[in-house]
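Chemist: What follows is a predicted structure for the sequence shown.
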Amino acid sequence: MATFTTKDGTQIFYKDWGPKEAQPVVFHHGWPLSADDWDAQMLFFLGHGYRVIAHDRRGHGRSTQTDTGNDMDTYAADVVELTDHLNLRNAVHIGHSTGGGEVARYVARAKPGRVAKAVLVSAIPPIMVKSDKNPGGTPISVFDGFRQALAANRAQFYLDVASGPFYGFNREGAKVVPGTIQNWWRQGMIGGAKAQYDCIKAFSETDQTEDLKAITVPTLVLHGDDDQVVPIADAALLSVKLLKHGTLKVYKGYPHGMLTTHAEVLNPDLLAFVRS
């Protein structure tokens, strides 16, 4: 099992597959999941000759169940240490949901030569929570509800999320895939409750407007217009306006977890962008 230890003593688990001389594609998972959420994408890109890397964010998956540092600045700092540890150059960073926030913060601050391109999929930037400055956001009461449900019965809460809005399985006519629900639940439950609780604040209240403005590499923004977790109007449609070299692609009727439910569509689109 590959791990490295950060400056604050946190052990970060990561996968690193493929030829080390190939261009790296780095995947950043969403809350409360793990690197395993990228299996379909990692195998796909590996099959096309790329070096593929994905880590478990601190407090998630097989990484240390930290009770501190569960915030976007530290998440991005961990990525800096990971990319230094592996000496990644000219990498493409792809982030889903909270992982998209992690990508935005990291890429905005990355050392020269480290990053070639970025992709934000169903991503949280610029900021999710509703405020006077962000009137189209999600009310704080929704995120307070997440915290209450997690603390009361994390196992049931995670089952409800995966069975319902995350994959759009609550929509009429949806084809429910039990294995997908079970895999989401499995990933969530192996992480630390404290870290996942703290991450709700990180993904909902972190303002990443300046991160998006600071990104200079080509950035692809992908979002489903039936995303019930990160509504497109307050996320992708705003993000692409802040990016210097942003391109938006909207998928009609696709849910938040579209990388899993529609991998056969998303994977070729990701590959085309990486190759462009």
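Modeler: In hand now; what should we look at?

Chemist: Can you give the distance of whichever strand or helix holds A202 from its chain's centre?
Modeler: Taking DSSP states H and E as the definition, A202 sits inside helix 193-205. Helix 193-205 sits 13 Å away from the centroid of its parent chain (C-alpha atoms, centre = their mean, to the nearest Å).

Chemist: Strands of the stretch 1-150 of the chain, residue ranges please.
Modeler: Along the stretch 1-150 of the chain, counting by DSSP state E, counting those that start in this stretch, strands occupy 3-5, 11-17, 24-28, 51-55, 91-96, 115-121.

Chemist: tally of neighbours for K241?
Modeler: K241 sits with 11 neighbouring residues when counted by other C-beta atoms under 10 Å. The C-beta positions use only the backbone N, C-alpha and C, and glycine is treated the same way.

Chemist: cool, and the one 3 residues further on?
Modeler: Neighbours of K244 under the rule other C-beta under 10 Å: 12.

Chemist: Where does it sit, in terms of helix or strand?
Modeler: Under the assignment here (DSSP H and E), K244 is part of no helix and no strand.

Chemist: Give me the helices and strands touching the helix holding A202, please.
Modeler: The elements that helix 193-205 packs onto, with contact taken as 3 or more C-beta pairs under 8 Å, 6 or more residues apart in numbering; DSSP states H and E, are helix 98-109, helix 140-163.

Chemist: highest average neighbour count across those?
Modeler: helix 98-109 (a mean of 27; mean count of other C-beta atoms under 10 Å).

Chemist: Pull out the buried positions in the helix holding A202.
Modeler: 195-205 (16 or more other C-beta atoms under 10 Å).

Chemist: Same question for stretch 117-136.
Modeler: Of the residues in stretch 117-136, those with enough neighbours to count as buried (16+ other C-beta under 10 Å) are 117-130, 134.

Chemist: ok, V79 - contacts?
Modeler: Shown in contact with V79 (C-beta atoms under 8 Å, 6 or more residues apart in numbering): 26, 28, 55, 102, 106.

Chemist: contact partners of the helix holding A202?
Modeler: When contacts are taken as C-beta under 8 Å, 6+ apart, the neighbours of helix 193-205 outside the stretch itself are 31-32, 57-60, 65-67, 70-72, 75, 97-98, 101, 124, 127-129, 138, 140, 143, 146-147, 150-151, 154, 188.

Chemist: Helix or strand next in line after it, which one?
Modeler: Downstream of helix 193-205, the first helix or strand assigned by DSSP H and E is helix 209-214.

Chemist: chain center to that next one, what's the gap?
Modeler: Using C-alpha atoms, centre = their mean, the mean C-alpha position of helix 209-214 is found 17 Å from that of the whole chain.

Chemist: Contacts for whichever helix or strand comes after that helix next, please.
Modeler: Sequence-wise, the next helix or strand downstream of helix 209-214 (DSSP H and E) is strand 219-224. Residues from elsewhere that reach strand 219-224 (C-beta under 8 Å, 6+ apart): 107, 117-123, 230, 232, 235-237, 239-240, 243, 245-256, 258, 266, 269-270, 273.
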